[in-house]
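[1] Make a model of this:
(chains A and B)
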2 protein chains.
Amino acid sequence: MTVLMIIEFEPIGFVKTAVEKVPRHWTVSEAEGTIVINEEYGQGLKDIKAGQRIVVLFYFHQSPRFTSEFLVQTPPHRGERLGVFSICSPIRPNPIGMSVVEVLGVEGCVIRIKGLDMRDGTPVLDIKPAVEQDPA
Amino acid sequence: MTVLMIIEFEPIGFVKTAVEKVPRHWTVSEAEGTIVINEEYGQGLKDIKAGQRIVVLFYFHQSPRFTSEFLVQTPPHRGERLGVFSICSPIRPNPIGMSVVEVLGVEGCVIRIKGLDMRDGTPVLDIKPAVEQDPA
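    Residues are numbered from 1 along each chain as shown, chains lettered A, B, ... in the order given. As a prediction, this is how the structure comes out:
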């Protein structure tokens, strides 16, 4: 049985960066840029501080549409065919990206970040604290 | 300027668990359950193995609708009012959850997991490898 359910999101903001060729993954990135959050959400940024790491969820807005031929892919820099849920490819059933970046500073609705792997203009869906430990 | 952009996703599967009161966060959870992936995506699971950790992105399907009063919240077990983007609250502009869970095994389209903090019936949006290092 397939349950039909459409889930709708709107961007909370967008990535801006002058870097033309962004690194392929945040773990190997030193690239800098900003996340510009819509004004209505600005107050939600009040506890984001320079030096911390944040998780950014975003929309791979330039990816080709997913079809079954992408269920198994050979990632660049790897020589094996791997299931889509074991790799970070932007071509996936729901094209959501996740990167962990360093905060350089926050001014108003603008977060300056380092270590990005998103292209200029990428829609941002959510920002979360990067936690490995119990946050309570 | 606000750019109007609606992004649509469909669940790739659903969480099933018999645990009635799930722990509040995956970092303090030993709860077990399964993720049942839609058959069309089953092949994408081929490289997920017992013992590894996966990132699960999901939809907080039972959360109240976000309004500006939730921009700053006091999380349970913490005594301070914090911006929504610094906490893991299910009430957020785009109600996407992220948990890191341990894989106990994969059989067909069913992933058995440990350490979940999602309720039974939670729609799953994506599964990614839990990487801290360069995956290349």
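
[2] how about the strands of chain A, start to end?
    Along chain A, counting by DSSP state E, strands occupy A:7-9, A:13-16, A:32-37, A:53-59, A:72-73, A:82-83, A:96-107, A:110-114, A:123-129.

[3] Now do A:H77 against chain B, distance only.
    Distance, A:H77 to chain B, using CB to the nearest CB, to the nearest Å: 4 Å. Quick note: C-beta positions are derived from backbone N, CA and C, even for glycine.

[4] Over to A:M98?
    Counting by CB to the nearest CB, the gap from A:M98 to chain B is 6 Å.

[5] which residues does the nearest residue in space to that residue that is not next to it in sequence contact?
    What sits nearest to A:M98 in space, not counting adjacent residues and going by CB to CB, 6 or more residues apart in numbering or on different chains, is A:L57, at 5.6 Å. Contact analysis of A:L57 by CB atoms under 8 Å, 6 or more residues apart in numbering or on different chains lists A:96-98, A:124-128, B:57, B:94, B:96, B:98.

[6] Of those, which is the most crowded?
    A:I127 (27 neighbours; other CB atoms under 10 Å in any protein chain shown).

[7] Could you report the neighbour count for the closest residue to that residue other than its chain neighbours?
    Nearest non-adjacent residue to A:I127, counting by CB to CB, 6+ apart: B:F85, 4.1 Å away. Using other CB under 10 Å, B:F85 has 26 other residues around it.

[8] Give me the pLDDT for B:F85.
    Model confidence at B:F85, given as pLDDT, is 98.

[9] can you check the one 3 residues further on too?
    Per-residue confidence for B:C88 comes out at a pLDDT of 92.

[10] Same question for the one 4 residues further on.
    Predicted confidence (pLDDT) for B:R92: 97.

[11] wait, isn't it in contact with B:R65?
    No: with contact defined as CB atoms under 8 Å, B:R92 does not count as touching B:R65 (10.9 Å).

[12] Please identify which of these two sits among more neighbours.
    Neighbours per residue, other CB under 10 Å: of B:R92 and B:R65, the larger number sits with B:R92, 25 against 7.

[13] what about the residue nearest to the more buried one when sequence neighbours are not counted, how many residues close to it?
    Nearest residue to B:R92 in three dimensions, chain neighbours excluded: B:V84, at 5.3 Å (CB to CB, 6+ apart). Here the count is done by other CB under 10 Å, and B:V84 has 25 residues near it.

[14] Surely B:V84 and B:L71 touch.
    Yes: between B:V84 and B:L71 there is a contact under CB under 8 Å: 5.6 Å.

[15] Could you pull up the residues touching A:A50?
    Each residue near A:A50 by CB under 8 Å, 6+ apart is listed here: A:103-106.

[16] circling back: spit out the residues that contact B:V84 and B:L71 alike.
    With CB under 8 Å, 6+ apart as the test, B:V84 and B:L71 both reach A:41, A:44.

[17] so where's chain A uncertain?
    A:1-3, A:132-136 (pLDDT under 70).

[18] repeat that for 90
    By pLDDT under 90, the low-scoring segments of chain A are A:1-4, A:19-31, A:75-79, A:117, A:131-136.

[19] For A:P76, see how far away A:H25 is.
    10 Å (CB to CB, to the nearest Å).

[20] When the two are compared, which one has more neighbours?
    Counted by other CB under 10 Å, A:H25 and A:P76 do not tie: A:H25 has more neighbours, with 19 against 9.

[21] Identify each buried residue in stretch A:17-36, please.
    A:17, A:19, A:22, A:24-27, A:29, A:31-36 (16 or more other CB atoms under 10 Å in any protein chain shown).

[22] From chain B, how far off is A:W26?
    For A:W26, the distance to chain B - CB to the nearest CB - is 9 Å.

[23] which residues does that residue contact?
    Contacts of A:W26 (CB under 8 Å, 6+ apart): A:99-101, A:115-117.

[24] Pull out the buried members of these.
    Buried residues within these, defined by neighbour count using 16+ other CB under 10 Å: A:99, A:101, A:115-117.

[25] Give me the nearest residue to A:I35, chain neighbours excluded.
    A:I35 sits nearest to A:I111 (CB to CB, 6+ apart), 4.5 Å away.

[26] Brilliant, that's me finished.
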